[in-house]
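1. turn this into a model:
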Amino acid sequence: MNKNISRIGAALILAAVSAAASAGHDRDDYGRDHGRGPDRSYARVIAAEPIFEQVRYTVPVQSCWVEAREVGYSRPNSTGAAIVGGAVGALIGNSIGHGDGRAVATVGGAVVGAVVGREVARNANPSPRYEQVERCRTVHEERFDRQVAGYRVTYVWSGRRSVVHLPQDPGRYVRVDYRGRAFG
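-> This next block holds a predicted model:
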């Protein structure tokens, strides 16, 4: 009978030690020990779904093109015009003059043609000169992007299912306070 009492006593002592050892710990659904206390309790995460938001931002974009720019005017060459005018005048004077007067008419026509050619070139409208110039402009384009704003986390603590929004994915377990409220 003493043996039965000592066996019962040993079993009671073993049960008390086991209960005391497991009193400070919480086991999850898989039998893993996660500790207890206001800053050491964990709940098993069932699902963590990302919450997306659309973000607007601007990007500088450079746009370039080539255009012709007026850089000045070019006047006709008055010397060349005088030479051409003199030659034309000499031909006309030569065809008008007869006999000994033909040489005088040729020289006179050349002088008059040179003066007229130079004056025509001087009074002619100058033509503009152009060069190719590259122009650029920076424009800010508006763009949109989808970013993760947080996570909708479903977890189980003490047999109760709860949902919370957290800024990051907690992984397989989420920290909870003594009431079972999750915090990140």
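2. all contacts plus neighbour counts: C-alpha atoms, from now on.
-> Noted.
3. I figured residue 171 hits residue 45, correct?
-> Yes: taking C-alpha atoms under 8 Å as the definition, residue 171 is a contact partner of residue 45 at 7.3 Å.
4. neighbour count for the two, which is higher?
-> Between residue 171 and residue 45, counted using other C-alpha atoms under 10 Å, residue 45 has the larger neighbour count: 21 against 12.
5. which element is that one on?
-> Here residue 45, judged by DSSP states H and E, is contained in strand 41-74.
6. can you pull out the strands in this structure?
-> Chain-ordered strands for the chain, with DSSP state E as the definition, fall at 41-74, 127-157, 160-166, 173-176.
7. which neighbouring elements make contact with the shortest one?
-> Counting contacts by 3 or more C-alpha pairs under 8 Å, 6 or more residues apart in numbering; DSSP states H and E, strand 173-176 packs against strand 41-74.
8. so for the strand it packs on, what gets flagged as buried?
-> 41-45, 48, 50 (16 or more other C-alpha atoms under 10 Å).
9. by contact count, what packs against it?
-> If you count contacts as 3+ C-alpha pairs under 8 Å, 6+ apart, strand 41-74 packs onto strand 127-157, strand 173-176.
10. let's have the ones you listed in JSON lines, adding mean neighbour count.
-> JSON lines is the format used below for the helices and strands packed on strand 41-74 (neighbours: other C-alpha atoms under 10 Å):
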{"stretch": "strand 127-157", "mean neighbour count": "13"}
{"stretch": "strand 173-176", "mean neighbour count": "20"}
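11. report the separation between residue 64 and residue 183.
-> Counting by C-alpha to C-alpha, to the nearest Å, the gap from residue 64 to residue 183 is 53 Å.
12. please apply the same query to residue 138.
-> In terms of C-alpha to C-alpha, residue 138 sits 46 Å off from residue 183.
13. and if you look at residue 139?
-> Residue 139 is 44 Å from residue 183, by C-alpha to C-alpha.
14. grab the most central residue of the protein for me.
-> The chain has residue 59 as the residue nearest its centroid, 4.0 Å off, counting by C-alpha atoms, centre = their mean.
15. so residue 112 sits right up against residue 86, yeah?
-> Yes: counting by C-alpha under 8 Å, residue 86 is a contact partner of residue 112 at 6.9 Å.
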